[in-house]
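S.K.: fold the following.
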Amino acid sequence: MAPKQATLGYVKPTQRTIGKFFGAKGEPPRQQTKLSFASKAAKKTEAEAESEDTPMDDVKSEGSSSPPSASKKRRRTANGATSKATAEPAENEDDDVGPVAKRPRRSRVKIEDDEDEVMEDKPKPETKPTKPSSPKKSSKEPEVKEESSEEEEPASTSTSEVEDADAEDDEKPEVAAKVRAKVQTQLKSKGKDPYPDWKPGTPVPYAALCKTFSLIEMTTKRLVIMEHCSLFLRQVMRLTPEDLLPTVLLMINKLAPDYAGIELGIGESLIMKAIGETTGRSLQVIKADQKEIGDLGLVAVKSRSTQPTMFKPKPLTVKGVHQGLMSIATVTGNGAQGRKIDGIKKLLSAADAHGTGKIDITKDKGGPSEAKYIVRFLEGKLRLGLAEKTVLVSLAQAAVCHEAELKGQVPSTSDMEKGEAMLKTVYSIFSRNSEDLSKKYPDVIAKLHTWIKEGTQSFVLDCETVAWDIVEKKVLPFQQLMTRKRKDVRAEDVKVKVCVFAFDLLYLNGEPVVRKSLRERRELLSEAFVPVEGEFAFATFMNGQELEEIQVFLDESVKASCEGLMVKMLDGTESGYEPSKRSRNWLKIKKDYLSGVGDSLDLVVLGAYYGKGKRTSVYGAFLLACYNPSTETYETVCNIGTGFSEQVLEDLHKQLSAITIDRPKPFYSHSSGGQHQPDVWFEPRYVWEVKTADLTLSPRYKAGCKEGVDPAGDKGISLRFPRFIRVRDDKKADEATSSRQVAEMYRKQESVAKNKGPAVDDDFEY
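M.R.: Residues are numbered from 1 along each chain as shown. Below is the predicted model:
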């Protein structure tokens, strides 16, 4: 049996069971005519399809049934009108970077005020908190309502909730039209660029980027931030388009794409040393300023402003700063640390050299200081409130306006030559974390051209690679795939054969197809590719809307050693492909999400990793352990960063900061690898309840090492896709799940029992 779709997805706390997706127990499921698992159902006429169209907002359980008339009224409203904002955990898949200063969070009321500034002509509806909302009022701005959840409070609206609500507001025709009109007017207008024009064709001044950063830092309004970004990017496209890539990379706090694996690796002490040597101040004074100010970027500004200069260096450029930071990141070998400090000193010496007057760090958060943003980039956190998603939207807006300005112009010969140079056939494989895995799968790259039908010129596939038994012609357990080498792989040396299962198409023959319905994308997929037994196939799927048949299909997927199912809308505007966006149009159903399936564990918090992005001011992930009563040690079992609302993360940060220790206890059994060490260690005091999809073996964790789960004794047990449930205040640390219990749970897994051998950890954490 071909594998069921088992890709990474997100499910909100109020969507943990199939019953909540499709109706309560003992109650007929709500109509869901467009939920899709397959294409076996008979095709319907257009009239039938239109009559069956049901917004995804209707597919939920709110604790009470609504009369048919009310339901009809809701269907006529915008998508965001009937949805309830619920606390949603912010995912953090990478190792996180540490917080320094907390940025005040925006309340829902503040967000609505911001939206009112955009909708100038729209009268603000009166709100009556004591009067329950009716279906007729659902077309107005969505309200944040309290759902039955232990983790949720009415005032603790998460940033992800606010963004979702804003997105839903923008989907309303009248709101979207006004927002688009305002943004387009601002982008088309002249003389409103954040920084005066530089000479066309010359490098983009770094001061221009810092000016934009400063404007963004001084506001919390999403649309204003987007406006500043779009205007500056449009200016770059118009004057120096070749500098667009380094500009965007610096705006999203990166030096290169994620798959390149380039990181600065600069510690705080190294930055302090560079600041001291650049400005002539002692390290002791720098540390004292850091303790007082709390922002190393502002410390650099303060130190730089007191330094006299005899000769002014050349002004910094965006391209020059990017190249300088890249050279710092790629320094290796003997004396690498000293050369990194020299690189930092070179950048700081040229920073703000052409500024006018002394910079006041107490005014406008230090202003557009180049030194401030260089140091913050080195730290890995710009602290602007500028999300990568916002930059991408701003880039799209700037590109549209720039294209409109160039409309009617004939491309030059040099432009056409550049385009021809880009035309060559290249196949690449990327993980969901944007890691380039092309060298890991040379056997797939070599065969890929045989799966493509004539006429298919370019494409982007969403697919999954599984280990394949060429004799039995079946899928092997997922863990077998992880035994393949990751580097320097030659096709002739591959022992674990793989088969690629495709389940979606994003791009075909130079055209994006993400806006097409799932049904249309599947048809294009089958028209563009041909299955090859044991090498390439289309993922098994089915169309259905009944709870019973979905449950049967889920059971089959679990028995086939799959993680579960993906529930997708089949037709309509809701069935488009939305990259990197959580949506109720795509729901993941895993066996541990269902009541009565899967066990929870009670684990002890031993350490934490600093957060980044939305989690800059709190801990982003945590190191958990089980307890071994025989040796009286705590054995690490997983890192966890999923299942937390923003309010919970703030509460945990306050709670855990009081029990930090400078080094791990002697009775902590943990990995000695430096890259795996948490940023902060804690006393073993708090116990958390955690759910997981599977248990696997990993050399990174130590749980059950002495229980015989790994014959070699090198690997411990780890949790795959762990999710935080709640804090167990009723349990002490030594009452946590024991390492023997974890080992028994691992052995009882069907995949382990079938394979009769140890499983291996996943490539990814959570």
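
S.K.: CA atoms for contacts and neighbours, from now on please.
M.R.: Fine.

S.K.: below-threshold pLDDT in the stretch 551-700 of the chain: ranges please.
M.R.: Residues of the stretch 551-700 of the chain meeting the criterion pLDDT under 70: 561, 580-582, 591-599, 673-675.

S.K.: tell me which stretches of it form helices.
M.R.: Listed in chain order, the helices of the stretch 551-700 of the chain (DSSP state H, counting those that start in this stretch) span 646-657.

S.K.: give me phi/psi at residue 710?
M.R.: Reported as degrees, to the nearest 10, the phi and psi values for residue 710 are phi -120, psi 120.

S.K.: ok, now residue 538?
M.R.: phi -90, psi 140.

S.K.: name whatever forms a beta bridge with it.
M.R.: Going by DSSP bridges, residue 538 is paired in beta bridges with residue 502.

S.K.: so it makes contact with residue 529?
M.R.: No. Using Cα atoms under 8 Å, residue 538 is not in contact with residue 529, being 9.4 Å away.

S.K.: just checking, next helix/strand downstream of the host helix or strand of residue 228?
M.R.: Using DSSP states H and E, residue 228 maps to helix 222-239. Next along the chain after helix 222-239, taking DSSP H and E as the criterion, comes helix 244-251.

S.K.: ok, then the element right after that following helix?
M.R.: Helix 244-251 is succeeded, C-terminally, by helix 268-279 (DSSP H and E).

S.K.: what packs against that following helix?
M.R.: Counting contacts by 3 or more Cα pairs under 8 Å, 6 or more residues apart in numbering; DSSP states H and E, helix 268-279 is packed against helix 283-293, helix 296-305, helix 336-350, helix 370-379.

S.K.: turn those helices into TSV, including distance to residue 602.
M.R.: Below are the helices and strands packed on helix 268-279 laid out as TSV (distance: least, Cα to Cα, whole Å):
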stretch	distance to residue 602
helix 283-293	37
helix 296-305	38
helix 336-350	42
helix 370-379	34
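
S.K.: okay, the ones you listed in a markdown table with mean neighbour count, distance to residue 223 and mean pLDDT next?
M.R.: A markdown table is the format used below for those (neighbours: other Cα atoms under 10 Å; distance: least, Cα to Cα, whole Å; pLDDT from 0 to 100):
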| stretch | mean neighbour count | distance to residue 223 | mean pLDDT |
| --- | --- | --- | --- |
| helix 283-293 | 15 | 30 | 85 |
| helix 296-305 | 24 | 26 | 81 |
| helix 336-350 | 18 | 32 | 89 |
| helix 370-379 | 24 | 22 | 90 |
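
S.K.: for residue 248, find the nearest of these.
M.R.: Between residue 248 and these, the shortest gap by Cα to Cα is with helix 370-379, which sits at 13.4 Å.

S.K.: OK, contacts around residue 734?
M.R.: Contact partners of residue 734, counting by Cα atoms under 8 Å, 6 or more residues apart in numbering, are 627, 629.

S.K.: report pLDDT for it.
M.R.: We have a pLDDT of 89 for residue 734.

S.K.: low-confidence stretches in this protein?
M.R.: 1-194, 305-311, 355-358, 408-424, 478-479, 561, 580-582, 591-599, 673-675, 750-766.

S.K.: could you break it into its assigned domains?
M.R.: Following automatic domain parsing, one gets these domains for the chain: 189-404, 600-755.

S.K.: now the angle from the helix holding residue 228 to helix 244-251?
M.R.: For helix 222-239 against helix 244-251, the angle by axes from the mean of the first three to the mean of the last three Cα atoms, to 10 degrees is 150 degrees.

S.K.: please consider this matter closed, and thank you.
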